[in-house]
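Enquirer: Sequence plus the predicted model coming up.
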Amino acid sequence: MDIAVLAHVSASGIELDVPQTLSTVITVLPGSGGNTSFSYTPTAGCGSVTASFQALIDASPAPMSYAWDLGNGVTSTSPNPPAQTYNGAGSYEVFLQTTIGGYVLNTVNVTGTNTNWCGDVEEPSLPIIGCTGSPDLYFVLTNSGGGAYASSTVDNTTTASWSELGILLNSPPYSLSIYDEDVVSGDDLLGTYNIPANGVGTYFINVAGGTTGSLVITNEPQQVFLDSALVTVFSVPDVSLIENATTGELCAQGEGLVGYAWLFNGVVVPDVTSECYMPTGPGLWQVVGTNGFGCTDSSNVVVVCPVFEIVRNGNVLFVPSSYLAYAWTFNGSPLSGNDPFIFLQGDGTYGVTVDAGNGCIIVSSFVWSTVGIGEADSAVPRMELFPNPNDGAFTIVAEGVGSSSAYIELLDMTGRVIWQTRTTANNGLVRVNATMHAASGAYAVRLHDGDRMRTTRLVSSDDLNRARARVYRLSPLPPSVALFRNKAPA
Ligand SMILES: [Ca+2]
Ligand SMILES: [Ca+2]
């Protein structure tokens with residue numbers, strides 16, 4: 001790339017004998033954002049942006065300088081300044097001034113010469129007297145490309161000085177030759193100094209047996225680029241989730257929200273993008289709101305606790321299973337155990353406190369009175385199923401079991417045994433969790449305890465019609481091997 005505008009260097013007022021042009025390579029690198037002078041990334045963000053910058057103009061080996069105003073009070077002179085962080089919504093204008101410099105010869109001094117100027121018609125060397133007169137000094141600057149500059153002549157002296165030369169040394173190497181001007185006999189060369197390409201500085205000349213002097217090279221701007229670009233920080237919404245105390249509906253709140261994503265137990269609820277939403281079940285609910293800039297914020301988490309009551313089935317009170325802890329009371333006195341069910345102990349007030357997790361403590365009570373409806377069946381063993389009806393998953397509990405080799409059978413309505421399991425009573429107590437994959441309908445569960453037998457009707461609405469079953473023990477009963485014999489028809 002040729003930068004013809006470099007003719008500006010003649011501002012020093014010196015006419016150059018040879019036109020000067022700067023031929024150099026400007027490397028422009030790709031960037032994710034920016035302008036001719038620099039790239040940066042990212043160009044925008046939410047809440048806070050940490051951006052990195054890279055200058056793009058590099059005309060090396062010409063001397064380069066960079067002056068950044070990074071828009072946040074930080075400045076830098078590096079082509080790759082440290083990454084900058086912009087906090088708070090707004091636009092931050094970043095400036096870069098790139099200067100392509102040039103090495104300029106401004107001053108040449110001759111402080112002494114050898115005697116090569118002597119002995120010609122202009123300055124004859126006379127017998128006894130020797131050299132007469134003094135040289136008429138000028139210098140010629142040449143480079144490898146043939147460019148040349150001839151200075152003015154200072155007559156009749158062995159010292160001379162030229163200043164404010166303004167000669168751009170953009171095509172090194174250069175040599176500087178000092179002459180005595182002789183119009184008739186021809187100029188006398190007094191010495192040649194090869195200028196090192198070492199940049200700015202003062203260079204001392206001592207050549208050809210006595211020609212001395214110095215020259216001064218400075219760095220002067222040749223071309224200046226000034227560009228700016230914006231780093232944009234968008235505002236982040238402050239999203240909160242409010243629960244309607246009456247309806248239980250959840251609504252997102254936050255300024256400028258245009259989009260909503262709902263999370264249930266940390267999982268996105270598909271196809272729900274409304275501002276308000278009625279929770280579909282107990283658990284952890286959260287909403288992520290998006291504003292018009294595409295910036296998001298996650299709301300507080302709202303815990304929706306389960307709602308249930310104590311249900312009685314025969315001689316058993318139960319609540320939903322699979323929660324963390326159960327504490328039952330009877331007439332205000334704690335009952336032992338940590339199960340989702342309790343056998344009726346007699347007439348009175350039963351209570352349960354359930355730790356359902358997520359800080360949900362559910363308290364429910366149940367009043368049981370047999371006054372006027374006859375005595376409850378107190379014969380042992382007692383067996384109950386719950387829930388009943390069910391979807392195929394149910395719990396069998398029995399107490400007062402006397403036999404160590406009791407077993408439980410499941411029969412279909414034709415009286416055929418579908419499967420059975422042997423069980424070991426623990427202090428007369430048997431608890432079995434069962435999951436049945438069989439046709440919907442009515443079944444019978446029969447407990448054999450020695451020669452005693454209890455039968456309870458079971459209604460399953462499970463749609464699965466698969467003739468297999470899984471029955472397993474509940475803790476805290478000791479594990480035992482349950483024997484299953486699948487007697488279902490093929
Ligand atoms: Ca001469
Ligand atoms: Ca002369």
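Expert: In hand now; what should we look at? Ligands and ions are numbered 1, 2, ... in the order given.
Enquirer: Flag every buried residue along the helix or strand residue 454 falls within.
Expert: Taking DSSP states H and E as the definition, one finds residue 454 inside strand 452-460. For strand 452-460, the neighbour count (16 or more other CB atoms under 10 Å) marks 454, 456, 458, 460 as buried. Just so you know, the C-beta spots here come from the backbone N, C-alpha and C atoms, and that holds for glycine as well.
Enquirer: Tell me what residue 326 is bridged to.
Expert: Taking DSSP bridges as the rule, residue 326 bridges to residue 354.
Enquirer: Then residue 224?
Expert: When bridges are taken as DSSP bridges, the partners of residue 224 come out as residue 99.
Enquirer: measure the closest residue to ligand 2 within the stretch 251-400 of the chain to ligand 1 for me?
Expert: Nearest residue of the stretch 251-400 of the chain to ligand 2, counting by CB to the ion: residue 293, 79.6 Å away. To ligand 1, residue 293 is 81 Å away according to CB to the ion, to the nearest Å.
Enquirer: Next: residue 106.
Expert: Spatial separation of residue 106 from ligand 1 under the definition CB to the ion is 28 Å.
Enquirer: what's the answer for residue 208, then?
Expert: According to CB to the ion, residue 208 and ligand 1 sit 14 Å apart.
Enquirer: Please name the nearest non-neighbouring residue to that residue.
Expert: If the residues on either side of it in the chain are set aside, residue 208 comes closest to residue 191, at 3.2 Å by CB to CB, 6 or more residues apart in numbering.
Enquirer: ok, that neighbour - contacts?
Expert: Listed by CB atoms under 8 Å, 6 or more residues apart in numbering, the contact set of residue 191 reads 113, 114, 116, 177, 178, 205, 207, 208, 209, 211.
Enquirer: Among the residues you listed, which one lies nearest to residue 412?
Expert: residue 205 (118.8 Å; CB to CB).
Enquirer: The closest one: neighbour count?
Expert: By the criterion of other CB atoms under 10 Å, residue 205 has 22 neighbours.
Enquirer: And the helix or strand containing it, what does it pack against?
Expert: Residue 205 belongs to strand 201-207 when elements are defined using DSSP H and E. The contact analysis (3 or more CB pairs under 8 Å, 6 or more residues apart in numbering; DSSP states H and E) places strand 201-207 against strand 188-195, strand 211-234.
Enquirer: related to what we said a few turns ago, do you know how far the residue nearest to residue 208 is from ligand 2?
Expert: Taking CB to the ion as the measure, residue 191 and ligand 2 are separated by 15 Å.
Enquirer: Tell me the spacing between that residue and residue 167.
Expert: Here the criterion is CB to CB, to the nearest Å. By it, residue 191 lies 19 Å from residue 167.
Enquirer: can I get the helices and strands packed on strand 201-207 in TSV with distance to residue 400?
Expert: Rendered in TSV, the data for the helices and strands packed on strand 201-207 read as follows (distance: least, CB to CB, whole Å):
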stretch	distance to residue 400
strand 188-195	115
strand 211-234	70
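Enquirer: which residues does the nearest residue to residue 101 once chain neighbours are set aside contact?
Expert: Nearest in space to residue 101, with sequence neighbours left out and distances taken as CB to CB, 6+ apart, is residue 63 at 3.7 Å. Applying CB under 8 Å, 6+ apart, one finds that residue 63 lies in contact with 100, 101, 102, 103, 199, 219.
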